[in-house]
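1. Sequence and predicted structure below; questions after.
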Amino acid sequence: MEYPYSLTDYVKSVKEYMQKNCIIYPHVIAHSFGARIVIKALSEDKDLFDKVVITGGAGLKPKNSFKKTIKKAVFRTLKPFLGKERLAGFYSKDYLALSPVMKESFIKIVNEHLDDKLVLLNGKKMLLIYGEKDDQTPLYMAKRINHAVRESILSVYKNAGHFAFVDCPLKFNLEVKEFLLS
């Protein structure tokens, strides 16, 4: 990657790939970050994809707990006085492992919230599959999507986390197959 990608860049890449390979109106299964791309792409062109399955979908503004709010305030207060190295404990392991360009992309992408785009997805057949124990994209996010997109169906998997399709593969495959064939 030569420059930090934004979500718009990813959507553009998907559209270019589809056009180059003559992919027209496909069904889509998107997990986590992939859901960000799908939601943004559909908000620009509702007819880009046919049926959509989102599992552990990211892209909505997270709720901040009291603890997280305090942690952010402490970080902002200390950042001008201490170097990033001394504040490493405030960053996720995933973030710290990224190259400088990828860190810029990460920041651009996680700070773009798609809550206001959801209303543009009405009329789209969508299956939402979330794990009850998903701590990366919690169930409240799935409920927000389900509430905003009237034609969406929410399926919650007990004892499943962010990778519901790994935690419950048979259930996931059967439900997705039924949805796509209906």
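-> Yes, it's here.
2. Tell me the confidence at the residue lying closest to Asp167 once chain neighbours are set aside?
-> Distances taken as Cβ to Cβ, 6 or more residues apart in numbering put Ala160 closest to Asp167, at 3.9 Å, once the chain neighbours are dropped. In this view, the C-beta of every residue, glycine as well, is placed from N, C-alpha and C. Confidence at Ala160, expressed as pLDDT, is 98.
3. what do you get for Pro26?
-> For Pro26, pLDDT reads 97.
4. For it, give me its contacts.
-> Residues near Pro26 by Cβ atoms under 8 Å, 6 or more residues apart in numbering: Met18, Phe49, Asp50.
5. ok, 10 Å please
-> Met18, Leu48, Phe49, Asp50, Lys51, Val52 (Cβ atoms under 10 Å, 6 or more residues apart in numbering).
6. quick one, phi psi at it?
-> phi -80, psi 160 (degrees, to the nearest 10).
7. how much space is there between it and Ile37?
-> 13 Å (Cβ to Cβ, to the nearest Å).
8. Which strands or helices does the helix or strand of the chain with the lowest mean pLDDT pack on?
-> In the chain, no helix or strand scores lower on mean pLDDT, DSSP states H and E than helix 66-78, which sits at a mean of 72. If contacts are counted by 3 or more Cβ pairs under 10 Å, 6 or more residues apart in numbering; DSSP states H and E, helix 66-78 sits against no helix or strand.
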